[in-house]
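S.K.: model this:
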Amino acid sequence: MVQLVAVFLFVSVLFAQPALPERGITVLPTQAIDFGIFYVNGAGTIEVDYQGNVTVTGGVISLNTTSVTPAIFEIKLCQGRTITIDYDYSVMINGSNGGQLELVIGPTERGISGDEFPSQNDCNFITVLRVGGKLLVPSNAVPGIYTGSFPMTFTQE
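M.R.: Alright, predicted model coming up:
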């Protein structure tokens, strides 16, 4: 009797696109927006742009522009993805003596709410985002130290 042994070799070759890079995003607030010290003779505004420049209008008088800073966020994201920034038009911040001021948010160095910008192509590169703002100060503003926060959403595409 003759035994027959058959061996089949199967070779499979698959081609696929490379996997997309990770979609993780890290955002760290590294500097708070600071309007410095000012006093009020009447209604007006004080604005800090994303470069740290100060502008006042009306009865608002800035006393110390050396402490004025924009808010700064550090964004870490891989492979040149696009980031969309979104934020509310304004928020109310509270004073230490019971007053409230309206903080109008923005613009940022990358545009206004809803704008898109690309991140760098390196997963270890940090994209810095500077954010300015404007305080709307009524003539009857309560003296004090005003603090608060504002939400920003960073969406990657």
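S.K.: skipping adjacent residues, who's closest to residue 143 in space?
M.R.: In space, and not counting its chain neighbours, residue 143 is closest to residue 97: 6.5 Å by CB to CB, 6 or more residues apart in numbering. Placement of C-beta: from N, CA and C, glycine included.
S.K.: just residue 68 next, same as before
M.R.: Distances taken as CB to CB, 6+ apart place residue 36 nearest to residue 68, at 4.3 Å, with adjacent residues excluded.
S.K.: against which helices or strands is the helix or strand harbouring residue 133 packed?
M.R.: According to DSSP states H and E, residue 133 maps onto strand 126-137. The contact analysis (3 or more CB pairs under 8 Å, 6 or more residues apart in numbering; DSSP states H and E) places strand 126-137 against strand 37-48, strand 54-64, strand 71-77, strand 100-108.
S.K.: redo that, cut-off 6 Å
M.R.: strand 37-48, strand 71-77, strand 100-108 (3 or more CB pairs under 6 Å, 6 or more residues apart in numbering; DSSP states H and E).
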